[in-house]
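[1] pasting the sequence and the predicted model now:
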Amino acid sequence: MTSTSIPHINEQIQELRALGILFDDTERVNIVRFLSENTYYEKLRTYLGNNPDHLEQPGITFAELVELSRIDFRLSRQVLTLSLSIEHALKLRIIPLILNSQGVLLSECLDKIDDEQKQKAAGKKTRSKLPSEQLIKTTPYSRSYLNNNSDNDDSGRQKTVRECSLWELFETQSFWFILELYKASCSIAQEEPAVPFELLESVKNLRNAASHGNCLLAKTTSVAHQEGDACQLSEEMPELFPTPSPLQQLSTSETTYLSPILLHDFCALLYCHRSFVSSQRIRAHSFEELGVLATRIDEAKQLLQKEPAEDSQFRREISSTLGFLLLAIDHFIKGN
């Protein structure tokens, strides 16, 4: 099957069987329905890794693979909810820094953001517009309540980022820009950041993956962090993850996981939420939703721990990954 072809659903089922997914013919009707109504073949196959043809037999049933995809969906929704709360809290941190400077700090922040982008672009043949030179883009929702009710200034010319108020930037710019604005405002105002900026970068990466519908629980060999980063992150989070921390397992345990980068970034997400979100109602709601997620993860883990048709490294990696997520959520809730 080529990357450009879309096989008939019967061929998809044959492919799943060839990849070692376990099911019998009595399940065929349910499999056809799931692949037609709930997800598509290539997305389901993603959980097996980038090169499933070269893996050992996964030793997992189709029902278990479906359960993994459902947990992934719920996890993605929770990532988006938590990251939206962090983004809102970041804006609340930026406001007093800008207002206390009578708006002067905003211009300096834009200069600093531009300077950093210039440094990153040094040596490149083509030059993109600097962040402050970018034209703003509103949506039908934001356009109705922003200044002048449009993307344009009084002369009808479309406004750039530098020509916008802080309020307009909050409503039109990306999460990346909000992070850069927080970073720049802390630096210029000589304000100690609530967390290391590297952790916010991890939050951004995880949020983007969830918002684009990436499979968070997909098996990956990506190593985005040095071996010592997990312990370093644990040291940054002593209140959230007391010793022994689940993070320490990433670099000190021989246990293997589907995606170490996911576990690192998920812990960073929990830590940033705890560090930035001060509203007790939002925190309580987050604990409640995470508790529901933990229950579903535990149910999936119990399903995998039943006597399998055959054991495999893949099954063990799924079980250890789900166990890590449970431990991280438990520490987060108890630590608050």
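    Looks like it arrived, so ask away.

[2] chain center to the longest helix seen in the chain, what's the gap?
    Ranked by residue count and defined by DSSP state H, the top helix of the chain is helix 62-99. How far helix 62-99 lies from its chain's middle: 7 Å, per CA atoms, centre = their mean, to the nearest Å.

[3] which element follows that helix toward the C-terminus?
    helix 104-121 (DSSP states H and E).

[4] can I get the CA coordinates of that next one in CSV?
    Extracted in CSV, the C-alpha atoms of helix 104-121 (Å, rounded to 0.1, in the frame of the first residue of the first chain):
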residue,chain,number,x,y,z
VAL,A,104,6.3,51.6,27.3
LEU,A,105,7.2,48.0,28.1
LEU,A,106,5.0,46.7,25.3
SER,A,107,7.1,48.4,22.7
GLU,A,108,10.3,47.2,24.3
CYS,A,109,8.9,43.7,24.4
LEU,A,110,8.1,43.7,20.7
ASP,A,111,11.7,45.0,20.1
LYS,A,112,13.1,42.1,22.1
ILE,A,113,10.9,39.5,20.4
ASP,A,114,12.0,40.9,17.0
ASP,A,115,15.7,40.8,18.0
GLU,A,116,15.5,37.2,19.0
GLN,A,117,13.9,36.3,15.7
LYS,A,118,16.6,38.2,13.8
GLN,A,119,19.2,36.2,15.6
LYS,A,120,17.5,32.9,14.7
ALA,A,121,17.2,34.0,11.1
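
[5] how many neighbours does residue 326 have?
    17 (other CB atoms under 10 Å). Using the backbone N, CA and C atoms, a C-beta is placed for each residue, glycine as well.

[6] can I assume it sits in a strand?
    No - assigned with DSSP: H, G, I helix; E, B strand; the rest coil, residue 326 falls outside any strand and is helix.

[7] that one touches residue 298, doesn't it?
    Yes - if you go by CB atoms under 8 Å, residue 326 and residue 298 touch, sitting 6.1 Å apart.

[8] other SSEs contacting the longest helix of the chain?
    Packing partners of helix 62-99 (3 or more CB pairs under 8 Å, 6 or more residues apart in numbering; DSSP states H and E): helix 41-46, helix 104-121, helix 166-172, helix 175-189, helix 197-211, helix 260-276, helix 280-304, helix 313-335.
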